[in-house]
Every structure is written in C-alpha cells, then in structure tokens.
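Participant: kindly return the folded structure for what I paste below:
(3 chains)
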Amino acid sequence: MQSKSFYAKVYKIVSKIPKGKVATYQTIARLAGSPGAARAVGTAMKNNPDMKTIPCHRVVGSDGKMRGYSAGIGIITKIQMLKAEGVDIVGDRAQLQTSAWKT
DNA sequence: CATTTGACAGGAA
DNA sequence: CTTCCTGCCAAAT
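Facilitator: Take a look at the predicted model:
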C-alpha cells in the first residue's frame, strides 16, 4: 500500500535499522520505492519529526561518511553514538563492508 | 504549474 | 585530500 508519502516510508524504514548497523541514503531511498532519491531522503531526515523513534544517526553517505547531523555537537556526536552501538568506525567513516544494514 | 531547498552521489580539476 | 559542478528527487511555498 502506497498511500503513505515518501517521507513516511523513509521514517518507517530508518526506525527499523537494527542497532550496530548503518544504512546509506541510497539504500533507504530504494527501500522507500524511489531508487536514486537519496537527496529526498536527506531532506526527510532534516525534517526529523521524531528523533526519539528515528535513529537518523544510523544513516550515512554512500561511502560510509557522515553528511550531517542536527543534534549534539554534529558529526562528532553521530560518530561517537555509532561507535558506542558497535558499528565499525575508522576515523570519521563507517565500514559498510562489516556494518551495512540489509534486509 | 514554477521555483526553491537540501543531512545525496559521482566525477572533474 | 579539498573544492566545484552537474544530475537526481520529493516536499514546501
């Protein structure tokens, strides 16, 4: 059922990302039904209607690099949270080879 | 319907 | 490595 808006799907999908894993904007866009709409996904994250239920910190760029974060100090806080959850992080980059989320 | 806005992606310099 | 540009997409105004 496609009655929900693209953003609504994005929020639902992001909230399903398991702890210790990360997903790229591209992947989320694809799961939301619009492959290539990574940019729209980013806009949805920025809207962030519920940061308590939407672990937007588990969403990273195509190369595992963080693109942005509206809470905490910024990118630094995002990296620290991911590391604390068990995501394999090297420097400022998440290792998608070992921590990429997939259905 | 036209324009603007972005937490993107990929490539070129 | 950084910086700039182009292409892409959905939502808001």
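Participant: can you give me the strands in chain A?
Facilitator: Using DSSP state E, the strands of chain A run over A:23-24, A:59-60, A:89-90, A:93-94.
Participant: now render those strands as a markdown table, adding distance to DNA strand C.
Facilitator: From N, CA and C alone the C-beta is placed, and that goes for glycine too. Below are the strands of chain A laid out as a markdown table (distance: least, C-beta to the nearest atom of the strand, whole Å):
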| stretch | distance to DNA strand C |
| --- | --- |
| strand A:23-24 | 13 |
| strand A:59-60 | 15 |
| strand A:89-90 | 11 |
| strand A:93-94 | 8 |
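Participant: find the residue closest to residue A:17 in space, skipping its chain neighbours.
Facilitator: residue A:58 (4.5 Å; C-beta to C-beta, 6 or more residues apart in numbering).
Participant: any chance of the strands of chain A in a markdown table, plus mean pLDDT, mean neighbour count and distance to residue A:17?
Facilitator: A markdown table is the format used below for these (pLDDT from 0 to 100; neighbours: other C-beta atoms under 10 Å; distance: least, C-beta to C-beta, whole Å):
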| stretch | mean pLDDT | mean neighbour count | distance to residue A:17 |
| --- | --- | --- | --- |
| strand A:23-24 | 97 | 23 | 5 |
| strand A:59-60 | 96 | 26 | 8 |
| strand A:89-90 | 94 | 14 | 16 |
| strand A:93-94 | 96 | 22 | 12 |
